[in-house]
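# dropping the sequence and predicted coords here.
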Amino acid sequence: MEDADRRVLQVNRTFLVKNTANPDDVANELFSNEIFTEGMKDEVEVEKLKEKKVRKLLDILPRRGPVAFQIFIKVLQDTNNDHVALKLKSGISPQNNSHHRQEDGEDDLPQTWPDPLSLEGRLTVKPLTCPASRFQKTGCYKMGRRPRGRVLIINNKIFFGPLEEDENGKKRVTLATREGTEQDERKIQEVFEQMFFVVDVHMDKKGEEIKALLKEEVKKDFHHKADCFVLVIMTHGTSGAIYGVDGKTVSIEEIKMLLNGENFPAMADKPKVLLIQACRGETKDEGVKETAADIEKEIKSTGEILKDLSLNTVSDSKSESVTATMSHMVVAMASTLGMVSYRNKIYGSWFLTAVAYVFAKYSHTNDIHQMLTKVNQLVSRGRAKDNKQNKEFVAISESSYTLSKDLYFCPGYFIEEVPQSRIQQASF
């Protein structure tokens, strides 16, 4: 329950105890609306006095999730407690209540990004508070194992290629060290571990090593007993490709191909999530806006890189086959094609910091499409200043989906625990 809703119940507790009629009916309706469990309903009904029934109900209610307050008001109206519902409604501040903000077309996300107050300390994932059956329907991916699956993090920080000659004829590395990337790694790891994932981190990988890691990953037997797979890549990038620390590129399409249903049969009909934070080089990474000529040049050079992969030479029949094997995948990128992404040296990248924040705060109620929309909102609120030009620049993240069901992570919930031996195996 939201803090503002909790305060309304606290301030009005005496009024509620004295004026709430039919508490057994209220408890029964809360049970029917999946806010109370049967045991909680029984706890209210077993009390002899009306006042004690209401007190017990009010003791339980604040622990029953973000929608409990709004459903409680509806239940009061349905049980001849309209005057009580009206009293609670009058105590709600639209500025402090997320449900009212959303009705007004606003949201409860930080208005600036990265927001220091929102990112203080450890991110804590909110556990599922409503019945898991709501998310275990035929239209949702199964998410009930502990651990859920593996999160493979590839974090490239220090680069030694590609090289170029400066004006004095000396060779230098063109890709800057990615300061702050360790913050992304820490936040992503702590959030996914709280959601029952096994996290495996690999630092500073060359282009060929990245491909080798993925080819090795898809062969792991552990995935046969997993519900989901997550790949997180933190590196520099260019249009359509990412950089290894040696300056060699790996195409995003090639990464997707390595994880498709044909190459990753253990996860063929299960969700695969790709989160790619790819910066664009030294000056761009510091927030300097590219000119149109820079972007055009970048796209042309990338086209030459991708020629070797023969991405544009497949036949129509081959294309249909590839499309089918690309099912059950989410690809979320830090920026749109040809545009820069930004990273804060203290908090990490705008994009992955937003992913960690949103997943921690909303995964107990939102599916991945809803959460990545919120990530988009946060990234768009970031501002990069170029003091020399006295300008501000913005960014926007981009996601693509080939999911066939809703994907909820259901934090805190599990019905099947994988043996410890398999968990240890998953870490290698």
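Perfect, thanks for sending it. Numbers count the residues shown, from 1 in each chain.
# when you work out contacts or count neighbours from here on, use the C-alpha atoms and nothing else.
Noted.
# so for the helix or strand encompassing residue 253, mean pLDDT?
When secondary structure is defined by DSSP states H and E, residue 253 falls within helix 252-258. Averaging pLDDT along helix 252-258 gives 96.
# repeat for stretch 189-201
In this model, stretch 189-201 has a mean pLDDT of 97.
# with only the CA atoms kept, save it in PDB.
Backbone C-alpha positions of stretch 189-201 (Å, rounded to 0.1, in the frame of the first residue of the first chain) are rendered in PDB as follows:
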ATOM      1  CA  GLN A 189      22.600  -7.600 -10.100                       C
ATOM      2  CA  GLU A 190      21.000  -6.700  -6.800                       C
ATOM      3  CA  VAL A 191      17.500  -6.300  -8.400                       C
ATOM      4  CA  PHE A 192      17.600  -9.500 -10.400                       C
ATOM      5  CA  GLU A 193      19.000 -11.500  -7.500                       C
ATOM      6  CA  GLN A 194      16.000 -10.300  -5.300                       C
ATOM      7  CA  MET A 195      13.800 -11.700  -8.100                       C
ATOM      8  CA  PHE A 196      15.300 -15.200  -7.800                       C
ATOM      9  CA  PHE A 197      17.700 -15.000 -10.700                       C
ATOM     10  CA  VAL A 198      21.300 -16.300 -10.800                       C
ATOM     11  CA  VAL A 199      23.500 -13.500 -12.000                       C
ATOM     12  CA  ASP A 200      26.800 -14.200 -13.800                       C
ATOM     13  CA  VAL A 201      29.100 -11.200 -14.500                       C
END
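# wait, doesn't residue 333 sit right on residue 399?
Yes: the criterion here is C-alpha atoms under 8 Å, and residue 333 meets it with residue 399 at 6.1 Å.
# of the two, which one has the most company?
residue 333 (21 against 17; other C-alpha atoms under 10 Å).
# quick check: the more buried one vs residue 242, distance?
In this view, residue 333 and residue 242 are 11 Å apart by C-alpha to C-alpha, to the nearest Å.
# go on, residue 57?
Shown here: residue 57 relative to residue 242, a distance of 55 Å by C-alpha to C-alpha.
# output the longest strand belonging to the chain.
Ranked by residue count under DSSP state E, the longest strand found in the chain is strand 228-238.
# pLDDT of it, averaged?
Regarding strand 228-238, the rounded mean pLDDT is 96.
# check which helices and strands whatever helix or strand comes next after that strand sits against.
Next along the chain after strand 228-238, taking DSSP H and E as the criterion, comes strand 241-243. For strand 241-243, the contact count by 3 or more C-alpha pairs under 8 Å, 6 or more residues apart in numbering; DSSP states H and E identifies strand 228-238, strand 249-251 as packing neighbours.
# show me which residues of stretch 246-259 are buried.
If you call a residue buried by 16 or more other C-alpha atoms under 10 Å, then stretch 246-259 has these buried ones: 246, 247, 249, 250, 251, 252, 254, 255, 256, 257, 258, 259.
# equivalent analysis for stretch 62-82, please.
Taking 16+ other C-alpha under 10 Å as the basis for neighbour counts, the residues of stretch 62-82 that come out buried are 62, 64-69, 71-77, 79, 81-82.
# close enough to count as contact, residue 23 and residue 54?
Yes: counting by C-alpha under 8 Å, residue 23 sits close enough to residue 54 to count as a contact (6.0 Å).
# what is in contact with those two at once?
Counting by C-alpha atoms under 8 Å, 6 or more residues apart in numbering, the common neighbours of residue 23 and residue 54 are residue 44.
# which residue ranges of the stretch 301-428 of the chain form strands?
Assigned by DSSP state E, counting those that start in this stretch, the strands in the stretch 301-428 of the chain fall at 329-333, 343-344, 348-349, 384-386, 391-393, 398-401, 416-417.
# between these, which one is closest to residue 264.
Evaluated with C-alpha to C-alpha, the strands of the stretch 301-428 of the chain place strand 329-333 nearest to residue 264, the distance being 11.8 Å.
# next, the angle from that closest one to strand 228-238.
Using axes from the mean of the first three to the mean of the last three C-alpha atoms, to 10 degrees, the inter-axis angle of strand 329-333 relative to strand 228-238 is 30 degrees.
# what is the mean pLDDT for strand 329-333?
The model assigns strand 329-333 a mean pLDDT of 95.
# quick one: residues in contact with it.
For strand 329-333, the surrounding residues in contact (C-alpha under 8 Å, 6+ apart) are 271-278, 372, 397-403.
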